[in-house]
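Novice: Make a model of this:
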Amino acid sequence: MNSQLKTGLWAGLVFISGACTGGREADSEETMEQSNSVTLVRNDAEKKVEVLVDGKLFTAYLYPETIAKPVLYPIKSSQGNDLTRGFPLAPRPGERVDHPHHIGIWFNYGDVNGLDFWNNSDAIPEDKKSGYGTIIHTEILSTRESREGAELEVAADWVGPDGRILLKETTRFIFFLHPEKKM
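Specialist: Got it, this is the predicted structure:
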């Protein structure tokens, strides 16, 4: 890891994803003490959950219908600098506009039952859409906050172009304060 990145990030992220066929754990507490270093701010109207570190935006889990998969975007440094590019969600002057499917951080594959879930975006021509799948956020299963960090657990369906669900996914994102930042 280069030293610039090591000193620029003040939060960490782990995500654990696994397919499931049914059932779910009981919901956890939606809110806890607000004095935590890492907090989650749920905004169902804007289809996002913001992750704040020391009250500042670190990232947000976004799940609008306008993108082909849920993503973490933007990713910010401890100084508030964007570590992810703006395109295609918030283009910046002089920025490259290639790879419209590269939005923040996401988890998926390029071949699931012959469908490409990795490269899907609004730039796919209509006559080629039959080769692409979409990951549709279905539910926020739980949010947890503690002195150690915060967790966000979500569910999503991996759907083929015919509307058939190929996979049901549960992902748990774990956000924590970088050990060098802890007091």
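Novice: Okay, now the unreliable bits of the protein?
Specialist: 1-36, 179-183 (pLDDT under 70).
Novice: how about the helices in the chain?
Specialist: Under the criterion DSSP state H, helices of the chain are mapped to 3-8.
Novice: Going along the chain, name the strands of this protein.
Specialist: 11-19, 38-43, 48-53, 56-62, 71-72, 134-146, 149-159, 165-177 (DSSP state E).
Novice: measure the residue of the chain most remote from its centre to residue 113 for me?
Specialist: Distance from the C-alpha centroid of the chain, by CA atoms, centre = their mean, peaks at residue 127 (28.6 Å). Distance, residue 127 to residue 113, using CB to CB, to the nearest Å: 20 Å. C-betas here are computed from N, CA, C, even on glycine.
Novice: Repeat that for residue 172.
Specialist: For residue 172, the distance to residue 113 - CB to CB - is 24 Å.
Novice: for residue 171, same thing?
Specialist: 20 Å.
Novice: When the two are compared, which one has more neighbours?
Specialist: Here residue 171 and residue 113 are compared on neighbour count by other CB atoms under 10 Å; more neighbours surround residue 171, at 18 against 11.
Novice: Could you report the distance from that one to residue 45?
Specialist: 22 Å.
Novice: Same check on residue 108?
Specialist: In terms of CB to CB, residue 108 sits 26 Å off from residue 45.
Novice: more crowded one of these two?
Specialist: The residue with more neighbours, out of residue 108 and residue 45, is residue 108; 22 against 6, by other CB under 10 Å.
Novice: list the contacts for the residue nearest to that one when sequence neighbours are not counted?
Specialist: Leaving aside its sequence neighbours, residue 108 sits nearest to residue 117 (CB to CB, 6 or more residues apart in numbering; 4.3 Å). By CB atoms under 8 Å, 6 or more residues apart in numbering, the contact set of residue 117 is 68, 69, 108, 109, 110, 132, 133, 134, 135, 158.
Novice: let's see 7 Å
Specialist: By CB atoms under 7 Å, 6 or more residues apart in numbering, the contact set of residue 117 is 108, 109, 110, 133, 135, 158.
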